[in-house]
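Chemist: kindly generate the corresponding structure for this input.
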Amino acid sequence: MADNKDYLVQKQEKGNILISDDVLASIASLAVREIEGVYGLSTTTSFDLGNILGKKNLRKGIRVTFQDKGFEISCNLIVKAGCAVMDVAKKVQLAIGEEILAMTGASPLKVNVNVCGIAFAKGE
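Modeler: Numbers count the residues shown, from 1 in each chain. Okay, here's the model as predicted:
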């Protein structure tokens, strides 16, 4: 594997299982999509309509950082107007942790949610 990706390594009896940071980000994006009140994710920590990602690129608003003892997930969240920001952020945080654990058997050390904007539905 000559690429420069980081991997979650799970040692098994007959070898290792490597899960790339892209896979972890994709799993996290699946969890984010399921939360009511999420408008989308942004590639930057500031709110700019040009940086809001569509459903196909949603995982690009999520960053996976590996450390000695595990990994952290960070996401830049855009919340729908009229929703309780803290409630949505907490649900996103919990959902990401649970989905990653369910699909990989590993828990992130931290799930950081950066609420960087509020968006109104079209026509508002």
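Chemist: so where's this structure uncertain?
Modeler: Along the chain, segments meeting pLDDT under 70 span 1-4, 44-59, 122-124.
Chemist: now do the strands in it.
Modeler: 7-12, 15-20, 38-41, 62-67, 70-80, 110-119 (DSSP state E).
Chemist: which strand residues bridge residue 41?
Modeler: residue 77 (DSSP bridges).
Chemist: and it, how far is that from residue 86?
Modeler: 18 Å (Cβ to Cβ, to the nearest Å). Just so you know, the C-beta spots here come from the backbone N, C-alpha and C atoms, and that holds for glycine as well.
Chemist: could you pick out the longest helix of the protein?
Modeler: Secondary structure of the chain read by DSSP state H shows that its longest helix is helix 85-104.
Chemist: extract the C-alpha trace of it and format it as PDB.
Modeler: Provided in PDB are the C-alpha atoms of helix 85-104 (Å, rounded to 0.1, in the frame of the first residue of the first chain):
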ATOM      1  CA  VAL A  85     -28.200  24.100  17.600                       C
ATOM      2  CA  MET A  86     -26.900  22.400  20.700                       C
ATOM      3  CA  ASP A  87     -29.400  19.500  20.300                       C
ATOM      4  CA  VAL A  88     -28.500  18.900  16.700                       C
ATOM      5  CA  ALA A  89     -24.800  19.100  17.400                       C
ATOM      6  CA  LYS A  90     -25.100  16.600  20.300                       C
ATOM      7  CA  LYS A  91     -27.200  14.200  18.200                       C
ATOM      8  CA  VAL A  92     -24.600  14.400  15.400                       C
ATOM      9  CA  GLN A  93     -21.800  13.800  17.900                       C
ATOM     10  CA  LEU A  94     -23.500  10.800  19.400                       C
ATOM     11  CA  ALA A  95     -24.600   9.400  16.000                       C
ATOM     12  CA  ILE A  96     -21.100   9.500  14.600                       C
ATOM     13  CA  GLY A  97     -19.600   7.700  17.500                       C
ATOM     14  CA  GLU A  98     -22.300   5.000  17.500                       C
ATOM     15  CA  GLU A  99     -22.100   4.500  13.700                       C
ATOM     16  CA  ILE A 100     -18.400   4.200  13.700                       C
ATOM     17  CA  LEU A 101     -18.500   1.700  16.600                       C
ATOM     18  CA  ALA A 102     -21.200  -0.400  14.900                       C
ATOM     19  CA  MET A 103     -19.500  -0.600  11.600                       C
ATOM     20  CA  THR A 104     -15.800  -0.900  12.600                       C
END
